[in-house]
Each structure stands twice: as structure tokens, then as C-alpha cells.
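Participant: okay, here's the prediction I keep looking at, along with the sequence it came from:
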Amino acid sequence: MFVQGFGEILTDILTVNPAFSDLPSASSILDTSNYTFQALTFGKDAEGFVQHSHAISSIQYVDGVVASGASSFDSGILTVINYASDATNGASSYIPSGTYLLFSSTYNSVPNDPSPLDRRLERGSTLSNNLTTSTASGSFTSALPDLGHYANPAVDGQLSAVWNKVGGFPPSGGNDYHFYDKDKDLIFTGTLSSDYNLSGLMDRNGFLTVNPQSVTDVVNTNFTAGAIVFSSVGFTPSVGKLKIRTRLNRGDAMSLVAFGSVKHIGIYCLDLKSILAEGLTPPYNWNCLNNNRKYKLVAKATILDNPIFHRDAAGLSGFGTLLATNSVIINLNLDFK
């Protein structure tokens, strides 16, 4: 669905003053790159931001006592508890519906219906309230984000130590995870790393950059510079259509499904007026650690199925082996007519 922000971008294009071309200090405002797709985000149901691997586990407490000295944030380990471990081929896969069913009396796992007036993916709070109420929250409480989508705290100096609870994407250097069954018995352990963070493609607020050189035809599978804008048979600019493709690779896919998977994907352009109001003029070069870009939501996709669906197969773990060694490709089809 295209949202109100898309119309605002079109209005900006049609009304920008062409006289800027005569001003060396302002001519860059007319560059077409300022008005193209610039970022993607991933989101889900708002209440899910305190469920799944966001939940603060008591597994590592001594005799279940919080004051036992064990970390209330699982010592930085990503804790994955599969409450549907008795499902067919699901013993070693993370099945979000198991969490939905177990906590259905208090947990509404349905994402917001999309609205053309949306400014963010989820309209409700996506704050990690389980951390704000913890006595161990410390100095990072004020830094917790409420973005409407997954953040990327692994690259945030204030939040990197609790990325495993704030959620979204793991560090690039690897991080331990522990996988438990519905009875909270440890099944296996491993490590996972973020390709997005390894390549510097996502900022701390979870904005995945779009490859500025990516508008191409047919199959471009080079994701090293970000999401790809491309055309293909039946989806060409001449008929008012385009596609955007991104890849959730290994650790990024594992982490997202552990936190409850993906139910929204947002597409963004630059909020040029807001950036200019801060005295910043183009070009706005991408820097994942110091991103001065501001974004405007222009389109969103909302889904109920799990796009990171996986199951055990041929004796291999769905989560620890199959998802860990394969990629999830997501295509967004844009029809401007």
C-alpha cells in the first residue's frame, strides 16, 4: 500500500523551485537521488516487542531467584524458546505460533491493518517495556527506541549490550544463542552474525539502505550495497511498475524469526524538508554509524504469514542448520497505477 508520505514526495518533486539550479549552495537539492527510494525497515505486531526472544527469561536464574546474581538479560545470549517444539518437524525450528497460542489470553499477535495515513509500520508502542521495568535496566532505559519497527541496537553504543532483548539484528562479530524446547530444556547452542551489520548497511534505527546504483533490469543478486530496486518481465517503468528486493541472510533471518518474524515491511524516501530544516544540504552520504538522513514512510506491506517459515528436514535442524546456511529473499512489487 502506498501511504500519504508517497503523495507528499510527489508534491515535493512537482513544486521544488527550479531556480535552485542557479545557486551553487542549493543546486544539489534538485538532484533526483533526493526523491528516490532510500531505505527499508522490518516490523511486526506491537505487542510482540515484549514476547518471543524479547522476553526476559528466568532460565539462567539460580532456583528461579532474580537476585541470584545471574543476568536478567541472559548474559547477552539470544534465548530462543520454541513453545511449539512438539509440532511436526518443529523440534529444532522456531515456530512463532507456539508463542501466540501459549500467551493468547494476554497477547494480541495481529499486526495493525495498513492505513494510507500511516507514518510508521505499527501505530502502537514498540518500546521494550520488559526492559524499562527491570531493576537492571541501568543507564540505557532512556535510549530504548519506539520506532514502530525493529531497531538495530547492535550498532548503538548505549544499547549494544542488550541487543538480545531489544531485538532485531545481531552484531557482526557473532553472538551466542541458546535454543530451548517448550519445557525449557536446552536443545542446542550456536552463534549467529548479521550480514547487514558486517557490511554496514543498517543504522541503529533499523533503516536498511537501498543501493544507490541498484536500478537495473532483471536479476541483480548483489546485495552488498543494500536493497535492490530493479525491473523484470511485466514489472518495468514503462508500464508503471518496479520491484524492490532484499535478502535476509543467515544470522539476520535467524534473529528476526527468533524475535517473532516479520509482519510489516516499510519503504522510505528522504524527508528532505526535515533534513534541510536542520541546515543540512545534499548530498547525504550513507553512514550506518552516523546517519544524518531522516526518512518518510511512502509504502508498506503487511502480511500474516511467516516469511521466514522453516522446519526441520532430513535430520537437519530448521533453525540451527537450514536457516543458518540459507537466505530468505523478499520481493516487493510496486504498481504505481
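Facilitator: Arrived safely, thanks for sending.

Participant: neighbours of residue 317, just the number please.
Facilitator: Residues lying near residue 317 (other Cβ atoms under 10 Å) number 20. From N, CA and C alone the C-beta is placed, and that goes for glycine too.

Participant: again, but for the one 3 residues further on
Facilitator: Burial of residue 320, expressed as a neighbour count using other Cβ under 10 Å, amounts to 22.

Participant: hmm, residue 188 and it touching each other?
Facilitator: Yes. Counting by Cβ atoms under 8 Å, residue 188 is a contact partner of residue 320 at 5.6 Å.

Participant: for residue 272, which non-adjacent residue is closest in space?
Facilitator: residue 34 (5.4 Å; Cβ to Cβ, 6 or more residues apart in numbering).

Participant: per-residue confidence at that neighbour?
Facilitator: Looking at residue 34, its pLDDT reads 95.

Participant: ok so it is a helix residue?
Facilitator: Yes. If the criterion is DSSP: H, G, I helix; E, B strand; the rest coil, then residue 34 is within a helix.

Participant: can I assume it is in contact with residue 281?
Facilitator: No. Look at residue 34 against residue 281 with Cβ under 8 Å: they stay out of range, at 10.1 Å.

Participant: list residues touching both of these two?
Facilitator: residue 28 (Cβ atoms under 8 Å, 6 or more residues apart in numbering).

Participant: show me which of the two is the more surrounded one.
Facilitator: residue 34 (21 against 13).

Participant: please enumerate the shared neighbours of residue 320 and residue 188.
Facilitator: 92, 179.

Participant: ok, residues contacting stretch 91-111?
Facilitator: With contacts defined as Cβ under 8 Å, 6+ apart, stretch 91-111 is touched by 43-48, 51-52, 80, 82-85, 87, 90, 122, 179, 181-182, 187-188, 257-258, 260-261, 263-264, 302, 304, 306, 310-312, 317-320, 323.

Participant: try 6 Å
Facilitator: Identification of contacts with stretch 91-111 by Cβ atoms under 6 Å, 6 or more residues apart in numbering yields 45, 47, 51-52, 80, 82-85, 87, 257-258, 260-261, 263-264, 302, 310-312, 317-319.

Participant: report the mean per-residue pLDDT for that stretch.
Facilitator: 96.

Participant: just the terminal-to-terminal distance for it.
Facilitator: 26 Å (Cα to Cα, to the nearest Å).

Participant: try stretch 57-74
Facilitator: Length of stretch 57-74, first residue to last, Cα to Cα: 7 Å.

Participant: just the mean pLDDT for that stretch, thanks.
Facilitator: Throughout stretch 57-74, pLDDT has a mean value of 56.

Participant: do the same with stretch 296-309
Facilitator: Here the average pLDDT along stretch 296-309 is 96.

Participant: which stretches of the stretch 1-150 of the chain form strands?
Facilitator: With DSSP state E, counting those that start in this stretch as the criterion, the stretch 1-150 of the chain has strands at 37-43, 78-81.

Participant: show me the shaky parts of the stretch 201-337 of the chain.
Facilitator: Residue ranges of the stretch 201-337 of the chain with pLDDT under 70: 214, 216-220.

Participant: would you map the helices across it?
Facilitator: 251-258, 272-277, 323-325 (DSSP state H, counting those that start in this stretch).

Participant: out of these, deepest packed?
Facilitator: Mean neighbours per residue, mean count of other Cβ atoms under 10 Å, is largest over the helices of the stretch 201-337 of the chain for helix 251-258, with a mean of 26.

Participant: would you mind putting the CA coordinates of it into CSV?
Facilitator: What follows is helix 251-258, C-alpha atoms only, in CSV (Å, rounded to 0.1, in the frame of the first residue of the first chain):
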residue,chain,number,x,y,z
GLY,A,251,22.1,-14.6,11.1
ASP,A,252,19.7,-11.8,10.2
ALA,A,253,16.9,-14.3,9.3
MET,A,254,17.6,-16.4,12.4
SER,A,255,17.5,-13.3,14.7
LEU,A,256,14.3,-11.9,13.2
VAL,A,257,12.4,-15.1,13.4
ALA,A,258,13.5,-15.6,17.0
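
Participant: could you tell me the angle between that helix and strand 37-43?
Facilitator: If you take axes from the mean of the first three to the mean of the last three Cα atoms, to 10 degrees, helix 251-258 sits at 40 degrees to strand 37-43.

Participant: residues in contact with helix 251-258?
Facilitator: 53, 80, 94, 169-170, 192-196, 262, 308, 323, 328.

Participant: and with 8 Å instead?
Facilitator: For helix 251-258, contacts defined as Cβ under 8 Å, 6+ apart pick out 42, 52-53, 78, 80, 94, 96, 150, 167-170, 177, 192-196, 248, 262, 306, 308, 310, 319, 323-324, 327-328.

Participant: still on that earlier bit, wait, what's in contact with the residue nearest to residue 272?
Facilitator: 28, 270, 272, 282, 284.
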